[in-house]
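*Asks:* Sequence first, then the predicted structure:
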Amino acid sequence: MVADGQPFFILYGDNLTNVDLRKLYRFHLEHGMPFTLGVFRTPTPKECGIAEVNEDGVVIDFIEKPNNPKTDLAAAGIYVADKDIFNYFPQEQKSLKPLDLGFYVLPKLGRRMMAYPIEEFLMDIGTINSYERAQELWKEVKP
């Protein structure tokens, strides 16, 4: 529950993954920043939210679907946040429905979030084609 002050997960429903959420949560608790951004390398950075990360793993910039991406590190839709995240919501949030984290919140968190590289299986299943492909690929994934 967010009201208890404990960090919480934000998980996009169009992902199929076997990421170890316990490991991700421990990572978040250790770094002390208000947000942990799960990232992966993408072959299509113009179609994703892209993170620029420094040598310490700190996300120094985030741009949703950039025209000229600086990196290929994409937001995975697998995050951990502290309640402080709500301080970064736009003041006009009531008029922004639905509120898109990638456009309105994550860009404000530059230098206040850590990147967590996702090395486990991760696949977008938000289209019929990708969902059908995922059913085949998932059979090859070891639990």
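*Replies:* Here it is on my side, so go on. Residues are numbered from 1 along each chain as shown.
*Asks:* so where do the helices sit in this structure?
*Replies:* Taking DSSP state H, the helices of the chain run over residues 21-31, 101-104, 128-138.
*Asks:* most packed of those helices?
*Replies:* helix 101-104 (a mean of 18; mean count of other Cβ atoms under 10 Å). Any C-beta I mention is one placed from the backbone N, CA and C, and that applies to glycine too.
*Asks:* how about the CA coordinates for it, as CSV?
*Replies:* Output in CSV follows, covering the C-alpha atoms of helix 101-104 (Å, rounded to 0.1, in the frame of the first residue of the first chain):
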residue,chain,number,x,y,z
LEU,A,101,4.9,8.6,-16.6
GLY,A,102,7.2,8.6,-19.7
PHE,A,103,6.1,12.1,-20.8
TYR,A,104,5.2,13.9,-17.6
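*Asks:* Can you report how many residues neighbour the residue lying closest to R41 once chain neighbours are set aside?
*Replies:* Spatially, and ignoring its direct neighbours in sequence, R41 is nearest to D72 (5.1 Å; Cβ to Cβ, 6 or more residues apart in numbering). Counted with other Cβ atoms under 10 Å, the neighbours of D72 add up to 15.
*Asks:* still on that earlier bit, now the helices of the chain as CSV including distance to V80 and mean pLDDT?
*Replies:* Formatted as CSV, those follow (distance: least, Cβ to Cβ, whole Å; pLDDT from 0 to 100):
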stretch, distance to V80, mean pLDDT
helix 21-31, 4, 98
helix 101-104, 13, 92
helix 128-138, 24, 93
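*Asks:* Quick check: which of those is nearest to Y12?
*Replies:* helix 101-104 (9.4 Å; Cβ to Cβ).
*Asks:* I'd like to know which elements that closest one is packed against.
*Replies:* Helices and strands touching helix 101-104, by 3 or more Cβ pairs under 8 Å, 6 or more residues apart in numbering; DSSP states H and E, are strand 59-64.
*Asks:* What lies in contact with the strand it packs on?
*Replies:* Applying Cβ atoms under 8 Å, 6 or more residues apart in numbering, the external contacts of strand 59-64 come out as 37, 49-54, 69-70, 75, 100, 102-103, 106-107, 109-111, 113-115.
*Asks:* Grab the CA positions of stretch 114-127 and hand them over as CSV.
*Replies:* The C-alpha trace of stretch 114-127 is given here as CSV (Å, rounded to 0.1, in the frame of the first residue of the first chain):
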residue,chain,number,x,y,z
MET,A,114,18.9,4.7,-10.8
ALA,A,115,18.9,2.4,-13.8
TYR,A,116,18.4,-1.3,-13.2
PRO,A,117,19.5,-3.4,-16.2
ILE,A,118,17.1,-6.2,-16.9
GLU,A,119,18.9,-9.2,-18.1
GLU,A,120,16.1,-11.7,-17.8
PHE,A,121,13.5,-12.4,-20.5
LEU,A,122,11.5,-9.4,-21.3
MET,A,123,9.1,-8.9,-24.1
ASP,A,124,6.4,-6.4,-25.0
ILE,A,125,3.1,-8.3,-25.6
GLY,A,126,1.0,-5.2,-26.4
THR,A,127,0.1,-6.3,-29.9
